[in-house]
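Enquirer: turn this into a model:
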Amino acid sequence: MKNDNNKIYEKALNLYNNGKIDKAIELCEKGISNSLKDAKILNLKGLLLYTKGKLEEAIALWKINKDYNNDSIAKAYIEDSKNDFNRYLLCKEAESLINNLYIDEALENLLECSKSDFNLIEVNNLLALAYMKKGEYDNSIISLKKVLIVDKKNTIAKERLKEINELLDINKKGKLLIIGLSLIVILSLSVAYKLEIININL
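Expert: Predicted coordinates:
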């Protein structure tokens, strides 16, 4: 059973590292159903839930690990997560601030939230949205890529990335059109000026 759980742990970790967080969680559940004595799998599932913003579920797992296995890592995770309750509230407030177009205030909240990996997916999706509203597309793309690293199927991140790419493409085409029109105007003026000179000389 121990060898089976070692394989499950390695596979779950590999899934997570390849952006398949939900499948990794499912695999951890299988390992936990085999045995509660595998501290690594309990901690890993807790971390995955923590990343998805499920703080109470993550802490509950770490508490099981602490009590059942006397695991020091689980104890440290519980201690480190104390500030995350406040980050959860800051994130919810940031969402409301964005909806009411208080973008700079929302960014302050979200940048504070981003100091922890807690709720990484929602925090970075909201950061991307806030940056989009400010026209800071590079920062928005960075935030979306952070989401897609851990959850490559995340529909919100994929849709926002697509929207940004479309906006950048439109802007690029718009700039090229302006440059083209400017050249036409310059050439037209140049031709008109030369014709005027020819007419004067005649």
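Enquirer: torsion angles phi and psi at residue 152?
Expert: phi -70, psi -10 (degrees, to the nearest 10).
Enquirer: can you name the residues that contact it?
Expert: Residue 152 is in contact with 18, 19, 20, counting by C-beta atoms under 8 Å, 6 or more residues apart in numbering. For glycine as for every other residue, the C-beta is placed from the backbone atoms N, C-alpha and C.
Enquirer: from residue 160, how far out is the nearest residue to residue 164 once chain neighbours are set aside?
Expert: Leaving out its chain neighbours, the residue that sits closest to residue 164 by C-beta to C-beta, 6 or more residues apart in numbering is residue 137, at 5.2 Å. Residue 137 sits 10 Å away from residue 160, taking C-beta to C-beta, to the nearest Å as the criterion.
Enquirer: more neighbours, these two?
Expert: More neighbours surround residue 160 than the other of residue 137 and residue 160, with 21 against 17 (other C-beta atoms under 10 Å).
Enquirer: related to what we said a few turns ago, make sure the residue nearest to residue 164 is actually in contact with residue 163.
Expert: No: using C-beta atoms under 8 Å, residue 137 makes no contact with residue 163, being 9.9 Å away.
Enquirer: so where's this structure shaky on pLDDT?
Expert: Low-confidence segments of the chain (pLDDT under 70): 1-3, 170-202.
Enquirer: residue nearest the centroid of the protein?
Expert: residue 147 (3.0 Å; C-alpha atoms, centre = their mean).
Enquirer: which residues touch it?
Expert: Contact partners of residue 147, counting by C-beta under 8 Å, 6+ apart, are 120, 121, 124, 125, 128, 154, 156, 157.
Enquirer: what's the closest non-adjacent residue to residue 57?
Expert: residue 49 is the one closest to residue 57 (C-beta to C-beta, 6+ apart), at 4.8 Å.
Enquirer: where does the one you found sit: helix, strand or coil?
Expert: helix (DSSP: H, G, I helix; E, B strand; the rest coil).
Enquirer: look up how far residue 91 lies from it.
Expert: Residue 49 is 16 Å from residue 91, by C-beta to C-beta.
Enquirer: cool, residue 68 as well?
Expert: For residue 68 relative to residue 91 (C-beta to C-beta), the value is 31 Å.
Enquirer: show residues contacting stretch 90-107.
Expert: 53, 109-110, 112-113, 119, 122-123, 126-127, 129-131, 133-134.
Enquirer: keep only those of those that are in helices.
Expert: With helices taken from DSSP state H, the overlap with the contacts of stretch 90-107 comprises 109, 110, 112, 113, 122, 123, 126, 127, 129, 130, 131, 133.
Enquirer: got the angle for the helix or strand containing residue 141 vs helix 120-133?
Expert: Element membership of residue 141 [criterion: DSSP states H and E] is helix 137-150. Per axes from the mean of the first three to the mean of the last three C-alpha atoms, to 10 degrees, the angle that helix 137-150 makes with helix 120-133 is 160 degrees.
Enquirer: before we move on, back to that, which one (most neighbours) among the contacts of residue 152?
Expert: Most neighbours among those, by other C-beta under 10 Å: residue 20, with 18 neighbours.
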